[in-house]
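Trainee: The sequence and its predicted three-dimensional model are supplied below.
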Amino acid sequence: MAGCEDDDLRVLTGLLAAAGLSNASSSQVGELVCSKFDGVSSTSSSHTLAVDSIYLLLSTYLVFSMQIGFAMLCAGSVRAKNTMNIMMQRAESPSTSSPSAAAHRAIGSSAATSTG
């Protein structure tokens, strides 16, 4: 039996027996329904993983889009000869110059990939 706990199966077979099925038939039907619940649960968990991945990618895209907007703001506030310098600073900002990125590389990545 997969998909239901023993108490759930007992209640389900009790309801089916009260509806007029024999004990053997109600037990078989109860196990069939519980196995179907297990299939729905596994399908739901795979959809949850897909939705979580899409949300993560969308959020990453938005963060990098904000970096582009901030680069445009900074480039607009300096003279034309310094624009390339500002653009390069903004391009490397998410990966190297951020203290939180350095802390994530030092501590967070090992915690995120640990298997224990």
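Mentor: In hand now; what should we look at?

Trainee: packing partners for whichever strand or helix holds Ser27?
Mentor: For Ser27, the host element (DSSP states H and E) is helix 23-76. With contacts taken as 3 or more C-beta pairs under 8 Å, 6 or more residues apart in numbering; DSSP states H and E, helix 23-76 sits against helix 6-18, helix 83-92. To be clear about C-beta, it is placed using only N, CA and C from the backbone, and glycine gets the same treatment.

Trainee: where does the chain dip in pLDDT?
Mentor: By pLDDT under 70, the low-scoring segments of the chain are 1-3, 38, 41-45, 93-98, 100-101, 104, 109, 115-116.

Trainee: and the gap between the residue most central in space within the chain and Ser59?
Mentor: Most central in the chain under C-alpha atoms, centre = their mean is Asp52, positioned 2.7 Å from the mean C-alpha point. Using C-beta to C-beta, to the nearest Å, Asp52 is found at 11 Å from Ser59.

Trainee: likewise Ser65?
Mentor: 11 Å.

Trainee: what do you get for Ser35?
Mentor: Distance of Ser35 to Ser59, given as C-beta to C-beta: 37 Å.

Trainee: So for these two, which sits in the more crowded spot?
Mentor: Ser35 (13 against 10; other C-beta atoms under 10 Å).

Trainee: I'd like to know how far that one sits from Val29.
Mentor: Counting by C-beta to C-beta - Ser35 and Val29 are separated by 11 Å.

Trainee: residue contacts, Val33?
Mentor: For Val33, the contacting residues are 4, 12, by C-beta atoms under 8 Å, 6 or more residues apart in numbering.

Trainee: Could you rerun that using 10 Å?
Mentor: 3-4, 8-9, 12-13, 16 (C-beta atoms under 10 Å, 6 or more residues apart in numbering).
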